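Student: Sequence plus the predicted model coming up.
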Amino acid sequence: MSFQPVKFYQTGTFTVGNRLLAPEERSVQASAKRFNSINSGHRACQGCGEALGARYAIDAAMEATDGQLVAANATGCLEVFSTPYPETSWQIPWIHSLFGNTAAVATGIAAALKVKQRKGEQKRDVRVVAQGGDGGTTDIGFGCLSGMFERNDDVLYICYDNQGYMNTGVQRSSATPPAARTATTMAVGPEPGNVFGQGKFVPAIALAHDVPYVATATVADLRDLEAKVRRAMEIRGARYIHILVPCPLGWGTASQETIHMARLAKETGIFPVFEAEHGEITSVLPIRRQLPVEDYLKPQKRYAHLFGKQPKVAVIARLQAMADRNIKRYGLLGQGER
């Protein structure tokens, strides 16, 4: 039986097939030799952005270090769905820390490995990654993270930001955006949802620490995410990558829309995607087709109260203004390189 090869080309999207790229530009995930650092069989929800983000990021880190990697993981969704005792989906050396001390635990691991190498007990250079959700990063673990930045410890910290405490019932975190409803924000009244003027954007705080490398990414841009992880592993000292990982359960979106929601966050300017070295932004992932924030808000049930019989026009305008500030501040409509 003979076969005729058929070429398929995607049109109308922002993607390109691996075979159209040079070998060095092809994604880790498309390779049959990828490490599968977090394997199948975990208990993540359908469409979980965090599961995607962790797989993309850690596989890229494993490739960059030739498999010489240790991970510390905060309590949270990622830890719970990947390691229900006595099982684990992790195929790498992996240590579960408390909710708030992941950066400190990772620092201790890095220090111990350095001593072992100095004594000649370990010949290969083993690198360290710390992982946490936005709750374990922006809230409970923020003190330890700031200390890691200040000491310039040789750790890559990755925050998987789904904008709330999703594992324990969708409670508000300091990464929850304004107007978004959670289990612990105002459910009714003149302004339901999270209040404006609270919270923090940790990548900007990392920039203020003047650490060697800071980047943001989303699960919608695989090659961008992988490239940033590889770049981070080329650098010594404290590094921070903040990945937006939509949560269908907490955001009230369809499970098949995870990638689309991450792309909308970037294309509206709600979530700026950039990288920086030593406090200076070096490049941004520019918006390809600027969209209004309504396109991002409407598919999410946590914003449903903004689009009822009496739409909250003023609130939507404030959210649009936030996106516009991001676009201006980070130059998201520019050419990308700075």
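Tutor: Okay, I see it. Numbering: from 1, shown residues only.

Student: can you give me the helices in the stretch 51-200 of the chain?
Tutor: Under the criterion DSSP state H, counting those that start in this stretch, the stretch 51-200 of the chain contains helices at 77-82, 102-118, 134, 142-151.

Student: Run a quick neighbour tally on residue 43.
Tutor: 13 (other Cβ atoms under 10 Å). Quick note: C-beta positions are derived from backbone N, CA and C, even for glycine.

Student: returning to that earlier point: mean neighbour count, the helices of the stretch 51-200 of the chain: which tops it?
Tutor: Stretch with highest mean neighbour count among these: helix 134 (a mean of 27; mean count of other Cβ atoms under 10 Å).

Student: For that helix, name the packing helices and strands.
Tutor: Packed against helix 134 by the contact rule (3 or more Cβ pairs under 8 Å, 6 or more residues apart in numbering; DSSP states H and E) you find strand 156-161.

Student: And the strand it packs on, what does it pack against?
Tutor: Using 3+ Cβ pairs under 8 Å, 6+ apart: strand 156-161 touches helix 49-64, helix 102-118, strand 127-133, helix 134, helix 222-234, strand 239-244.

Student: most packed of the ones you listed?
Tutor: Note that of the helices and strands packed on strand 156-161, strand 127-133 is the most buried (mean count of other Cβ under 10 Å), with a mean of 29.

Student: Name the strands paired with that one and say parallel or antiparallel.
Tutor: Applying DSSP bridges, strand 127-133 is found paired with strand 69-73 (parallel), strand 156-161 (parallel).

Student: Okay, now the unreliable bits of the stretch 201-338 of the chain?
Tutor: Across the stretch 201-338 of the chain, the ranges flagged by pLDDT under 70 are 335-338.

Student: Enumerate every residue touching residue 50.
Tutor: With contacts defined as Cβ atoms under 8 Å, 6 or more residues apart in numbering, residue 50 is in contact with 44, 77-78, 133, 160, 162, 245, 247.

Student: JSON lines for those residues, including distance to residue 66?
Tutor: Shown next, in JSON lines, are the contacts of residue 50 (distance: Cβ to Cβ, whole Å):
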{"residue": "44", "distance to residue 66": "27"}
{"residue": "77", "distance to residue 66": "29"}
{"residue": "78", "distance to residue 66": "24"}
{"residue": "133", "distance to residue 66": "28"}
{"residue": "160", "distance to residue 66": "24"}
{"residue": "162", "distance to residue 66": "31"}
{"residue": "245", "distance to residue 66": "26"}
{"residue": "247", "distance to residue 66": "33"}
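
Student: farthest pair in those residues?
Tutor: Between any two of these, the greatest separation by Cβ to Cβ is 12.6 Å, found for 44 and 133.

Student: contacting residues for the closest residue to residue 233 other than its chain neighbours?
Tutor: If the residues on either side of it in the chain are set aside, residue 233 comes closest to residue 64, at 3.8 Å by Cβ to Cβ, 6 or more residues apart in numbering. Neighbour list for residue 64: 229-230, 233-234 [criterion: Cβ under 8 Å, 6+ apart].
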